[in-house]
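>>> let's see this in three dimensions:
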Amino acid sequence: RAQMSALGAFVPRISSARFARRALTPHARVMSANASKSEDEVILVTGATGRVGKEVVARLSAIPGFRVRAATRDKSAYAEALGAHETVVFDLEDKSTWPGAIRGATRLFSSTQDKHISQHMEFVKWLGNTPEVRDSLKHIVRVSCFGADTNTNSYDASIHVSRQNAGIPLMLQHYWWSEECFIEAGFKEKLTSVRGNFYMNHLLKNELESIKTKGMFTSPLGDCKNSFVACNDMAEAAVRCFVEGPERHGDKFYDICGAQSTSMAEVAEILTKALATDEAKNVCPEAHGKRITYVPQDIEQFEQDFGSTRAEFFEYLRNGFYSRCSPDFYNITGKRPMTYFEYLTTKGAAGDTGLTELFSSQGALFTKGVDQFKDLKDVKK
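Okay, the predicted model is just below:
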């Protein structure tokens, strides 16, 4: 019960003194792991400094019985500041980092950027083909996406939700592949997939300059309402699954979304309300008090800005595929998920509000004029 109650507790922001602590050397990391209590379960958190990963690290590190090993390429100090007990260098594009990262871990939190789908599938295949790793892993929680497979959704391969004779968006196919590879590697009974709606922190990331200088933003999503999800809630659901274990959550797929479906015009109204708060005055004084408006954008222009792969995914969003609200977050945690306003104005376990994330470099994955997915069509299973 102590573990369960700890999930809902507020995790304070870590002191700057701890943030300054040096990253552990490989030898020190091993010594640190050996010094941990024998009953502690070592959880390797990949994507540990990403939007969901940082919340997972902050929450899990506060729960007795877990030893958090944060995997990162170059942000070990930040991971330790979040509360990680260990840090380890891990790079999907560098196979030499794989054995040391997973050694001794009994749990895996798996989070991967879309562009690394090929390397992710190769890593999972390696996990399944390495007996000592395969046998020691007891539970895997994978971050995925609404509509990732045909087990929980019905598709006609030749009919798109909005256009006939267009296939399922490539990004959705790849999200399913990111789960399917675990199943094919022999982890089916140990796998929990936490499938998020479109992340709230990605909604306006490319529109910051326009918000600050013009008081407006554009998006191709139109009037359709989508149940955008807070990464805080994604992390809380994942952590609860770890605490309760594969006995309850193995071979399960959960759809996690926000508390309500919201249109982009409503997003503008909610952001206007959030920008009137004292939090906004501290975080983004140049936007404080501004009234924000939404200007619809042609999907064709959006495709020119970000490429066809991302545009076909957004077409799903603007035509209702992500409108539904799921009860899964409540069924896992016993409470409703966050609204967009709550996300913007409430500190997560890692210490940041949504406004802080919006007006910072965190989560800035996409750049106008750059199609980071242009090579994904060539990826094969």
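
>>> looks to me like P337 is in a helix.
No. Using DSSP: H, G, I helix; E, B strand; the rest coil, the assignment for P337 is coil, not a helix.

>>> show me what contacts it?
Shown in contact with P337 (Cβ atoms under 8 Å, 6 or more residues apart in numbering): 229-230, 233, 256-259, 329-330. Where you see a C-beta, it was placed from the backbone N, CA and C, and this is true even at glycine.

>>> mind checking which of those are buried?
In the contacts of P337, burial by neighbour count holds for 229-230, 233, 256-259, 329, counting by 16 or more other Cβ atoms under 10 Å.

>>> restricted to strands, list those.
Using DSSP state E, the subset of the buried ones among the contacts of P337 located in strands is I256.

>>> still on that earlier bit, I'd like the contacts of P337 as CSV, with distance to H288 and pLDDT appended.
Shown next, in CSV, are the contacts of P337 (distance: Cβ to Cβ, whole Å; pLDDT from 0 to 100):
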residue, distance to H288, pLDDT
V229, 26, 97
A230, 22, 97
D233, 27, 98
I256, 31, 97
C257, 29, 96
G258, 25, 97
A259, 26, 96
F329, 31, 98
Y330, 34, 97
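
>>> farthest pair within those?
Distance extremes for these: the farthest pair is A230 and Y330 at 14.1 Å, using Cβ to Cβ.

>>> show me how far stretch 222-231 is from its chain's centre.
Distance of stretch 222-231 from the chain centroid (Cα atoms, centre = their mean, to the nearest Å) equals 15 Å.

>>> can you list contacts of it?
In contact with stretch 222-231 (Cβ under 8 Å, 6+ apart) are residues 51-52, 55, 196-201, 203, 256-258, 260-266, 296, 317-320, 322-326, 337-338, 340, 342-343, 348, 354.

>>> for the contacts of P337, which one is nearest F306?
Using Cβ to Cβ, V229 comes nearest to F306 of the contacts of P337, at 20.4 Å.

>>> ok, the closest residue to that closest one other than its chain neighbours - contacts?
Leaving aside its sequence neighbours, V229 sits nearest to N197 (Cβ to Cβ, 6 or more residues apart in numbering; 4.3 Å). The contact partners of N197, by Cβ under 8 Å, 6+ apart, come to 146, 226-229, 255-258, 322.

>>> ditto for T353
279, 283, 344-347.

>>> now for those, which pair is the farthest apart?
Farthest-apart pair in the contacts of T353 is V283 and T346; separation 12.9 Å (Cβ to Cβ).

>>> more neighbours, those two?
V283 (22 against 16; other Cβ atoms under 10 Å).

>>> give me phi/psi at that one?
phi -80, psi -40 (degrees, to the nearest 10).

>>> what sits closest to it if chain neighbours are left out?
Nearest residue to V283, sequence neighbours excluded (Cβ to Cβ, 6+ apart): L355, at 4.8 Å.

>>> wait, doesn't that neighbour sit right on A276?
No. Using Cβ atoms under 8 Å, L355 makes no contact with A276, being 11.3 Å away.

>>> ok, these two, which is more surrounded?
Each of L355 and A276 has its neighbours counted (other Cβ under 10 Å); L355 has more, 23 against 14.

>>> need the contact list for the more buried one.
By Cβ under 8 Å, 6+ apart, the contact set of L355 is 274-275, 279-280, 283-284, 344-345.

>>> please identify the helix or strand for it.
Per DSSP states H and E: L355 is located in helix 354-358.
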